[in-house]
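Engineer: Got a sequence here, can you build the structure:
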Amino acid sequence: MIETVHVNLPGRAYDVVIGPGLLAQAGARITPFLRRPRVTIVTEENVAPLHLAALRQGLEETGITSETLILPAGESTKSWPFLEQTVEWLLAQKVERGDIVIAFGGGVIGDLVGFAASTVRRGVRFVQIPTSLLAQVDSSVGGKTGINSPSGKNLIGAFHQPTLVLADIDLLSSLSERDFLSGYGEVAKYGMLGDPDFFDWLESDGPNLKPLADETALPDDKIAARVWAVTRSVQMKADIVERDETEQGDRALLNLGHTFCHALEAATGYSDRLLHGEGVAIGCALAFELSARMGLCAQEEPSRVRAHLNAMGMKTDLSDIEGELPDAHGLLALMGQDKKVVDGQLRFILARGIGKAFVSADVPADKVLSVLNDALAMR
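Structural biologist: Residues are numbered from 1 along each chain as shown. Sure thing, here's the model as predicted:
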């Protein structure tokens, strides 16, 4: 039940391997890329007690030794102080250009460690072993690395492609339902932006992906469904990254819902009030609502998006975010710091229907404010 998606970038191609039991195979899969049997691992304090021993055992079975840095969990780790700590630790470990750094965690660790790897000795190789659904389907693939700034999310970073990605489906069993569903926000996004058949499948089979009360012995159909959901998501991202590695055109489609999402994350202080995938889900619903109000799609389309997300038990509206939020003008101002601003003009990812997303810079501010004001009025 192992699937492989090849990301075909000239000179920087790599495989994303998806399936159960990959931690045990980590040594065998990483050994071909090593010049010496030694790696450094950077992880975080929630992942380490659950999975670090298994990873180290998988490495040791092929004679690979390792040293580990354990960082605090949470979005605040994607910052200058922890980037400096990581870089200095890698230098203290005498990491060489021929070595490999393993990013072992969710999107925060992947982004931070990838950025650190891009700077140490002007670039060392790294392997992504994503432990969250969100990281497996999105942030571990495509080479975007970086940290947050007080001015906005992911504004500091570099494109640095991994050498290998190992997406072990078994690791998803340790996620809370909230964290799992946060990742599902990105899975659903792929169907919304470019694959209506995949969205159809998610509407019928999505509930089979959700965590069980007891995940110790998953039925084969649930494992297969998770493998397929991750594989299809990764394949869609890989196809877009191959066409547009540094987000000059098509890759912006992957940001469906993110213009709203990043503003909401900034408004909530990048805190647990709003997880990234939750913001993506809300942002997708708002993007489809904006598209409908601009006459680009029927009103049934945003209703269908919300219906599916609600059926999965996810956040879909601003009213689902606890605590205070800025007014519509305040949220619009936060959008102005988004990386998708070009020549001072916001670019939105809009849709002509499920699976028919496109990039537009021709979005009247009053339409955006109308959508935000109505959403805020429901709180």
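Engineer: hey, let's count contacts and neighbours off CA atoms from now on
Structural biologist: Will do.
Engineer: For residue 361, grab the count of nearby residues.
Structural biologist: Residues near residue 361, counting by other C-alpha atoms under 10 Å, number 14.
Engineer: I misspoke; the intended subject was residue 186.
Structural biologist: Applying other C-alpha under 10 Å, we find 30 residues neighbouring residue 186.
Engineer: tell me which element it is part of?
Structural biologist: Residue 186 belongs to helix 177-194 when elements are defined using DSSP states H and E.
Engineer: hey, C-alpha coordinates of that helix in PDB?
Structural biologist: Presented in PDB, the C-alpha positions along helix 177-194 are these (Å, rounded to 0.1, in the frame of the first residue of the first chain):
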ATOM      1  CA  GLU A 177      -9.300  15.100  15.800                       C
ATOM      2  CA  ARG A 178      -8.800  18.900  15.700                       C
ATOM      3  CA  ASP A 179      -5.300  18.600  14.300                       C
ATOM      4  CA  PHE A 180      -6.400  15.900  11.800                       C
ATOM      5  CA  LEU A 181      -9.300  18.100  10.500                       C
ATOM      6  CA  SER A 182      -7.000  21.100  10.300                       C
ATOM      7  CA  GLY A 183      -5.000  19.100   7.800                       C
ATOM      8  CA  TYR A 184      -8.100  18.000   6.000                       C
ATOM      9  CA  GLY A 185      -8.700  21.700   5.200                       C
ATOM     10  CA  GLU A 186      -5.800  21.500   2.800                       C
ATOM     11  CA  VAL A 187      -7.000  18.200   1.400                       C
ATOM     12  CA  ALA A 188     -10.400  19.600   0.600                       C
ATOM     13  CA  LYS A 189      -8.700  22.700  -0.900                       C
ATOM     14  CA  TYR A 190      -7.100  20.500  -3.700                       C
ATOM     15  CA  GLY A 191     -10.500  19.300  -4.800                       C
ATOM     16  CA  MET A 192     -11.900  22.800  -4.700                       C
ATOM     17  CA  LEU A 193      -9.100  24.300  -6.800                       C
ATOM     18  CA  GLY A 194      -8.600  21.800  -9.500                       C
END
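Engineer: Okay, strands next: where are they in the stretch 51-200 of the chain?
Structural biologist: Using DSSP state E, counting those that start in this stretch, the strands of the stretch 51-200 of the chain run over residues 65-71, 100-105, 125-130, 144-149, 152-159, 164-168.
Engineer: Now tabulate those in TSV and tack on mean pLDDT and mean neighbour count.
Structural biologist: Below are those laid out as TSV (pLDDT from 0 to 100; neighbours: other C-alpha atoms under 10 Å):
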stretch	mean pLDDT	mean neighbour count
strand 65-71	98	16
strand 100-105	98	28
strand 125-130	98	27
strand 144-149	94	23
strand 152-159	88	18
strand 164-168	98	26
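Engineer: List the buried residues in the helix holding residue 186.
Structural biologist: Within helix 177-194, the residues scored as buried using 16 or more other C-alpha atoms under 10 Å are 177, 179-194.
Engineer: Packing partners of the helix or strand of the chain with the lowest mean pLDDT?
Structural biologist: Least confident helix or strand of the chain, by mean pLDDT, DSSP states H and E, is strand 152-159 with a mean of 88. Under the contact criterion of 3 or more C-alpha pairs under 8 Å, 6 or more residues apart in numbering; DSSP states H and E, strand 152-159 touches helix 107-119, strand 144-149, helix 258-267.
Engineer: Can I get the second one as PDB, trimmed to CA atoms?
Structural biologist: What it means is strand 144-149. Extracted C-alpha coordinates of strand 144-149, given in PDB (Å, rounded to 0.1, in the frame of the first residue of the first chain):
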ATOM      1  CA  LYS A 144       8.800  26.500   0.400                       C
ATOM      2  CA  THR A 145      10.700  27.100   3.700                       C
ATOM      3  CA  GLY A 146      10.700  30.000   6.100                       C
ATOM      4  CA  ILE A 147       9.700  31.700   9.300                       C
ATOM      5  CA  ASN A 148       7.100  34.300  10.300                       C
ATOM      6  CA  SER A 149       7.600  38.000  10.900                       C
END
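Engineer: Who are the packing partners of it?
Structural biologist: Strand 144-149 sits against helix 107-119, strand 152-159, with contacts defined as 3+ C-alpha pairs under 8 Å, 6+ apart.
Engineer: For that strand, which strands pair with it and how are they oriented?
Structural biologist: Sheet partners assigned to strand 144-149 using DSSP bridges are listed as strand 152-159 (antiparallel).
Engineer: re earlier: show me how far the least confident helix or strand of the chain is from its chain's centre.
Structural biologist: Mean C-alpha position of strand 152-159 versus that of the full chain (C-alpha atoms, centre = their mean, to the nearest Å) differs by 14 Å.
Engineer: ok, now stretch 75-92?
Structural biologist: 20 Å.
Engineer: nearest to residue 296, of the strands of the stretch 51-200 of the chain?
Structural biologist: strand 152-159 (28.9 Å; C-alpha to C-alpha).
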